[in-house]
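Peer 1: let me see the structure of the following:
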Amino acid sequence: ERWFFHVVQPFFRTVLNSTMLEEADISTEQLFGLYRWAAIVVSSNSYELGDDRYQGMVPMWDMVNHASSSNLTNVKLAYNTESARFEMVATRPVGKGEQL
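Peer 2: Residues are numbered from 1 along each chain as shown. Take a look at the predicted model:
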């Protein structure tokens, strides 16, 4: 909540003039609700990448590694700094036809 009032709300006031907020008829409480929703969506759909220095949202990544046990997962997401790309890296041998 503190972050919202000290960072988020002033940001919106700077980027969107007060007239735009008034025309949109968004109260502080509604804006706070939207902020909470967005924070939950981002935090529940973001992943630590590579050496855990980075965190980001990766489309479709949540479609892999749905396993009931960590010893069943067979790939991890890594960020290759040389190629500036995300890579799926096998954590164990993956058999032909085996799901990732």
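
Peer 1: helices of the protein, start to end?
Peer 2: 2-3, 9-15, 18-23, 28-44 (DSSP state H).

Peer 1: between those helices, which has the poorest average model confidence?
Peer 2: When these are compared on mean pLDDT, helix 18-23 scores lowest, with a mean of 67.

Peer 1: residue 85: what's it in contact with?
Peer 2: Residue 85 makes contact with residue 79 under the criterion C-beta atoms under 8 Å, 6 or more residues apart in numbering. Just so you know, the C-beta spots here come from the backbone N, C-alpha and C atoms, and that holds for glycine as well.

Peer 1: quick check: pLDDT value at it.
Peer 2: Looking at residue 85, the pLDDT reads 82.

Peer 1: how far away is it from residue 57?
Peer 2: Counting by C-beta to C-beta, to the nearest Å, the gap from residue 85 to residue 57 is 16 Å.

Peer 1: what does residue 12 give?
Peer 2: For residue 12 relative to residue 57 (C-beta to C-beta), the value is 21 Å.

Peer 1: hang on, the earlier thing: now distance to residue 77 and mean neighbour count too, for the helices of the chain, in JSON lines please.
Peer 2: Putting these into JSON lines (distance: least, C-beta to C-beta, whole Å; neighbours: other C-beta atoms under 10 Å) gives the following:
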{"stretch": "helix 2-3", "distance to residue 77": "27", "mean neighbour count": "8"}
{"stretch": "helix 9-15", "distance to residue 77": "30", "mean neighbour count": "12"}
{"stretch": "helix 18-23", "distance to residue 77": "38", "mean neighbour count": "10"}
{"stretch": "helix 28-44", "distance to residue 77": "16", "mean neighbour count": "12"}
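
Peer 1: how about these in CSV, adding distance to residue 81?
Peer 2: Formatted as CSV, the helices of the chain follow (distance: least, C-beta to C-beta, whole Å):
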stretch, distance to residue 81
helix 2-3, 29
helix 9-15, 30
helix 18-23, 40
helix 28-44, 23
